[in-house]
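In: Next input, structure requested:
(one chain, ligands or ions: 5)
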Amino acid sequence: MKLFRSLFHSSPPIIILLLTIFTLFVFHFHNVAAATCHPDDESGLLAFKSGITSDPSNMLASWKRGTDCCAWEGVTCLTGKRVTSLYLSSQTDNPNSFLSGTISPSLSKLRFLDGLYLLNLRNISGTFPDFVFNLPNFQYIYIENNKLSGPIPARIGNLTRLDVLSLAGNRFTGSIPSSISGMTQLTQLKLGGNLLQGSVPDGIRKLRNLTYLSLEGNQLGGPIPDFFSSLTNLRTLELSRNKFSGKIPPSISTLASKLAYLELGHNSLSGRIPDFLGKFKALDTLDLSSNRFSGTVPRSFGNLTKIFNLDLSNNLLVDPFPEMNVKGIESLDLSNNRFHLKEIPKWVTSSTIIFSLKLARCGIKMKLDDWKPAETYFYDYIDLSGNEIQGSPVGLLNRTEYLVGFWASENKLRFDLKDLKIVKTLKYLDLAKNSVFGKVPSAVAGLEKLNAGTCIAEPIALEMSKLKTDKGYIARNPQEDLACGFQGK
Ligand SMILES: *[C@@H]1O[C@H](CO)[C@@H](O)[C@H](O)[C@H]1NC(C)=O
Ligand SMILES: *[C@@H]1O[C@H](CO)[C@@H](O)[C@H](O)[C@H]1NC(C)=O
Ligand SMILES: *[C@@H]1O[C@H](CO)[C@@H](O)[C@H](O)[C@H]1NC(C)=O
Ligand SMILES: *[C@@H]1O[C@H](CO)[C@@H](O)[C@H](O)[C@H]1NC(C)=O
Ligand SMILES: *[C@@H]1O[C@H](CO)[C@@H](O)[C@H](O)[C@H]1NC(C)=O
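Out: Ligands and ions are numbered 1, 2, ... in the order given. Take a look at the predicted model:
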């Protein structure tokens, strides 16, 4: 008290000086007091940092010895100031936001760590982080979009408390270990985008709590196991882009009440599309594209009133296409089957939320000017290639705002190119093999790929070739595109 009283009798600059010193002291003291993260946690994290060889965006700048590691970027502490999770993610729009290096085994010093989230760091390499086997309470492993390689270790099945295992987007090889059946608490298993081979272990049927199973984008083969009657909590099943063969297994029918995403595209599946899919009340997305499905699309699809994304393209499906009762489809692809739709279906035309419509080679014979979609504003992609569509696309394109791609080659369109409204967002325009005439609008210079096709008069083709040489990005394959202009004559 004496000190303070005498302070007030001093001249103001001294008071300010003393107060500043006092504040600095308190601030410093506070920092020292807060730097209480456990020494094991600090040294484990610093070992992780020294395993990082490149950090161009300074993601780990706050990781400094002697400061409170609980306050470091990506570090979370609970349970008496012990580190419980490590979460590092790059900014996807910043090419300099990545980490190179490996995951230090010293992370096992973090005795209370139960979650490791290394997301989109792009250049973290090395093998599966074995340190997690020393931490029996580990619950969450998200190592997505990095460059980890080697096999998924067989003892992974010993992580019986694990809730999520996501190794999506790495370079893991070998097969999925059958011991995975031991991870009975798993709710999410995501191994997509790796180089995994072999068949899907039958033991996955024991993972009764799974809501999310994603194995897409690997080299897995054999039949899809018929084990879904025990996976009744599944909401997402992603098996696209593998080498699966055989039919859609009947037990998938037991997922009717909850499954929202069923993605089986780009495999070698065959047989008919099962009737029971029409009972999938919660289905948001169905992708059966690029397989060898044959026969008709079941009439029961008329009951899929809430489906948003439907892709049946590149199969051997035949007429009649069922009458759908969907309120608002967002994306539809029926291209390259054996359909003769004659018109763009009404349930497509009436959708107010559609952004992608692909009906290439679907036997459509209408006049494009007669198509009056309820909404054109949201359209990103329209592919009507290889039909017998007449009239002009000018009116349709005039009504789009954010179109990115328009493909309508091999139709009977007839129009003047100069009337075409080219929105700034447009990157792909393919009008080859129609009756296109007129001058190329200057806006075309911004396109990444233009294919205006066989029937353009020679001067325009020349003008295009000039554009191409001046601005190399217009056509990636000038030969291919130019061929049209000259052959057509
Ligand atoms: C990615 O990591 C590898 C291996 O650590 C390294 O050689 C390479 O330079 C890194 N790439 C970049 C862009 O830093
Ligand atoms: C799993 O753990 C048990 C007991 O801790 C051990 O005996 C077994 O070898 C482990 N399995 C693998 C594949 O490491
Ligand atoms: C699944 O989750 C429930 C609680 O949601 C839990 O009691 C059970 O142990 C979990 N594991 C299995 C294999 O059912
Ligand atoms: C649609 O569902 C109703 C009621 O569940 C059912 O009676 C009808 O047969 C179904 N329609 C088709 C085409 O499967
Ligand atoms: C394009 O739309 C504008 C109004 O938004 C209209 O004035 C013009 O006539 C339209 N052009 C064509 C070819 O439809």
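
In: Going along the chain, name the helices of the stretch 251-400 of the chain.
Out: Secondary structure of the stretch 251-400 of the chain (DSSP state H, counting those that start in this stretch): helices at 346-349, 394-398.

In: Deepest-packed of those helices, please.
Out: Comparing the helices of the stretch 251-400 of the chain by mean neighbour count (mean count of other Cβ atoms under 10 Å), helix 394-398 ranks first with a mean of 18. C-betas here are computed from N, CA, C, even on glycine.

In: Run the chain-centre distance for stretch 128-139.
Out: Computed by Cα atoms, centre = their mean, to the nearest Å, the chain-centroid distance of stretch 128-139 equals 28 Å.

In: Equivalent analysis for stretch 366-382, please.
Out: Offset of stretch 366-382 from its chain centre (Cα atoms, centre = their mean): 26 Å.

In: ok, and for that stretch, which residues are buried?
Out: M366, L368, W371, P373, T376, F378, Y379, Y381, I382 (16 or more other Cβ atoms under 10 Å).

In: And the average pLDDT for it is what?
Out: For stretch 366-382, mean pLDDT rounds to 93.

In: The closest residue to K412 other than its chain neighbours - how many residues pack around it?
Out: Sequence neighbours aside, Q390 is the residue nearest to K412 in space, at 4.7 Å (criterion: Cβ to Cβ, 6 or more residues apart in numbering). Other residues lying near Q390 total 17 when counted by other Cβ atoms under 10 Å.

In: what pLDDT does Q390 get?
Out: Q390 is given a pLDDT of 95.

In: Take the buried residues of stretch 366-382 and keep only those in strands.
Out: Y381, I382 (DSSP state E).

In: Spatially, which two of the buried residues of stretch 366-382 are the most separated?
Out: M366 and F378 (21.7 Å; Cβ to Cβ).

In: What parts of the stretch 201-350 of the chain come near ligand 4?
Out: Counting by Cβ under 6 Å from any ligand atom, the stretch 201-350 of the chain comes close to ligand 4 at G278, R299, S300, G302, N303.

In: For ligand 5, what is the nearest residue in the protein?
Out: N398 (3.7 Å; Cβ to the nearest ligand atom).

In: ok, that residue - contacts?
Out: N398 makes contact with K421, according to Cβ atoms under 8 Å, 6 or more residues apart in numbering.

In: distance of it from V423?
Out: Using Cβ to Cβ, to the nearest Å, we find N398 at a distance of 10 Å from V423.

In: which non-adjacent residue is nearest the residue in the stretch 351-489 of the chain positioned nearest to ligand 2?
Out: Taking Cβ to the nearest ligand atom, ligand 2 has its nearest neighbour within the stretch 351-489 of the chain at S356, 45.6 Å off. Nearest residue to S356, sequence neighbours excluded (Cβ to Cβ, 6+ apart): S331, at 3.9 Å.

In: Pretty sure that neighbour sits against S313.
Out: No. Counting by Cβ atoms under 8 Å, S331 does not reach S313; the two are 11.0 Å apart.

In: List the residues that contact the residue in the stretch 151-300 of the chain that ligand 1 sits nearest to.
Out: For the stretch 151-300 of the chain, the residue closest to ligand 1 is R171, as judged by Cβ to the nearest ligand atom, at 12.3 Å. Going by Cβ under 8 Å, 6+ apart, R171 touches K147, L148, S149, N194, L195.

In: Work out for me the element the nearest residue to the fourth one once chain neighbours are set aside sits within.
Out: Taking Cβ to Cβ, 6+ apart, and ignoring the residues beside it in sequence, N194 has F172 as its nearest neighbour in space, at 4.2 Å. Assigned by DSSP states H and E, F172 falls within strand 171-173.

In: Could you look up the next helix or strand downstream of that strand?
Out: Going down the chain from strand 171-173, the next helix or strand is strand 188-190, by DSSP H and E.

In: How about that following strand and ligand 3, touching?
Out: No. For strand 188-190, no contact with ligand 3 is found by Cβ under 6 Å from any ligand atom; the gap never falls below 12.6 Å.

In: contact partners of that strand?
Out: So strand 188-190 is contacted by 144, 163-168, 180, 183, 204, 207, 210-215 (Cβ under 8 Å, 6+ apart).

In: just to revisit the earlier point, what's the per-residue pLDDT of the residue of the chain closest to ligand 5 here?
Out: Looking at N398, its pLDDT reads 90.

In: Ok, the one 3 residues further on next?
Out: We note a pLDDT of 90 for E401 in this prediction.

In: go on, R241?
Out: Residue-level pLDDT assigned to R241 equals 98.

In: before we move on, what SS does it have?
Out: Following DSSP: H, G, I helix; E, B strand; the rest coil, the label given to R241 is coil.

In: So what's the residue count around it?
Out: Around R241 there are 20 residues (other Cβ under 10 Å).

In: try the one 10 residues further on
Out: A count of neighbours around S251, defined by other Cβ under 10 Å, yields 16.

In: wouldn't it be in contact with S229 here?
Out: Yes. Between S251 and S229 there is a contact under Cβ under 8 Å: 4.4 Å.

In: where does the chain dip in pLDDT?
Out: 1-35, 439-489 (pLDDT under 70).

In: Spell out which residues make up each domain of it.
Out: Annotated domains of the chain cover 2-33, 327-489 [automatic domain parsing].

In: Apart from its neighbours in sequence, what residue is nearest whatever residue of the stretch 301-450 of the chain ends up closest to ligand 4?
Out: Shortest the stretch 301-450 of the chain-to-ligand 4 distance, computed as Cβ to the nearest ligand atom: residue-wise this is N303, at 3.8 Å. The shortest distance from N303 to any non-neighbouring residue, by Cβ to Cβ, 6+ apart, is to G278 (4.8 Å).

In: Helix, strand or coil: sort out F48 for me.
Out: helix.

In: and the closest residue to it other than its chain neighbours, how many neighbours?
Out: Excluding its sequence neighbours, the residue lying closest to F48 (Cβ to Cβ, 6+ apart) is S104, at 4.5 Å. Counted with other Cβ under 10 Å, the neighbours of S104 add up to 20.

In: For S104, give its distance to S290.
Out: 42 Å.

In: same check, this time on W72
Out: Distance from W72 to S290, by Cβ to Cβ: 46 Å.

In: What about the nearest residue to the residue of the stretch 151-300 of the chain closest to ligand 1 once chain neighbours are set aside, how many residues nearby?
Out: What sits nearest to R171 in space, not counting adjacent residues and going by Cβ to Cβ, 6+ apart, is S149, at 4.1 Å. Neighbour count for S149, taken as other Cβ under 10 Å: 15.

In: Ramachandran angles for S149?
Out: Recorded main-chain torsions at S149 are phi -140, psi -170, according to degrees, to the nearest 10.

In: same question, E238
Out: For E238, the backbone dihedrals (degrees, to the nearest 10) come out as phi -120, psi 110.
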